[in-house]
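Engineer: mind looking at a prediction? Sequence and model below.
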Amino acid sequence: METLKAVKRYIKSNGLDTKGRKELNVLSRYYLYAYLRSELSMTYQSIGDLFNKSHDSVLKGIREHKKLIEGPNKVHYLATVSSAAVNFPLESALFITTPKSGTKMIEVSGEALKKLKIIKDSMKSTSVTYSGAVEYLIKNTIIIEKT
């Protein structure tokens, strides 16, 4: 129930329950439809009620999510919805933000993900220093791990 409350707050604070066709809002809705369906096992109608949308809109959005997540534009899609993905992860991913290029998503798994988490944690808890580029990269990395 706590997760559902967090999703409701996110929807309200980002205006996802209002009409609008901005790419960020549309794609964020698609992502959250899929999240609510797969992670909380909600019905299409109950998901639609949260967004002031019909169950048909939710069904279409979940289909679109699947196409986007499996298609060639996966990185663009996940980068666009990175705020929702960070708060409500459907899969493990690594996001790197840079001032010039915005958010980039890189898929990392296994040993590489474990090592990156160890480095990131060591930077928080000790006085270990790394070269400027590595330190910048690690500090501007958001790791999403699906548990």
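Structural biologist: The structure has been received and is ready for your questions.

Engineer: could you pull out the strands in the protein for me?
Structural biologist: Here the chain has its strands, by DSSP state E, at 93-98, 102-106, 141-144.

Engineer: residues contacting the residue nearest to Ala34 when sequence neighbours are not counted?
Structural biologist: Closest residue in space to Ala34, ignoring its immediate chain neighbours: His65 at 4.2 Å, by Cβ to Cβ, 6 or more residues apart in numbering. C-beta here means a position set from N, CA and C on the backbone, and glycine is covered the same way. Contact analysis of His65 by Cβ atoms under 8 Å, 6 or more residues apart in numbering lists 30-31, 33-34.

Engineer: longest helix in this structure, please.
Structural biologist: Taking DSSP state H as the criterion, the chain has its longest helix at helix 23-40.

Engineer: just the CA coordinates for that one, please, in PDB.
Structural biologist: What follows is helix 23-40, C-alpha atoms only, in PDB (Å, rounded to 0.1, in the frame of the first residue of the first chain):
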ATOM      1  CA  GLU A  23       6.000  13.300 -24.700                       C
ATOM      2  CA  LEU A  24       7.300  13.200 -21.100                       C
ATOM      3  CA  ASN A  25       3.800  12.900 -19.700                       C
ATOM      4  CA  VAL A  26       2.600  10.300 -22.200                       C
ATOM      5  CA  LEU A  27       5.700   8.100 -21.900                       C
ATOM      6  CA  SER A  28       5.700   8.400 -18.100                       C
ATOM      7  CA  ARG A  29       2.000   7.300 -18.000                       C
ATOM      8  CA  TYR A  30       2.900   4.300 -20.200                       C
ATOM      9  CA  TYR A  31       5.700   3.300 -17.900                       C
ATOM     10  CA  LEU A  32       3.600   3.700 -14.800                       C
ATOM     11  CA  TYR A  33       0.700   1.700 -16.300                       C
ATOM     12  CA  ALA A  34       3.100  -1.200 -16.900                       C
ATOM     13  CA  TYR A  35       4.600  -0.800 -13.400                       C
ATOM     14  CA  LEU A  36       1.200  -0.800 -11.700                       C
ATOM     15  CA  ARG A  37       0.000  -3.800 -13.700                       C
ATOM     16  CA  SER A  38       3.100  -6.000 -13.300                       C
ATOM     17  CA  GLU A  39       4.300  -5.000  -9.800                       C
ATOM     18  CA  LEU A  40       1.100  -4.300  -8.000                       C
END
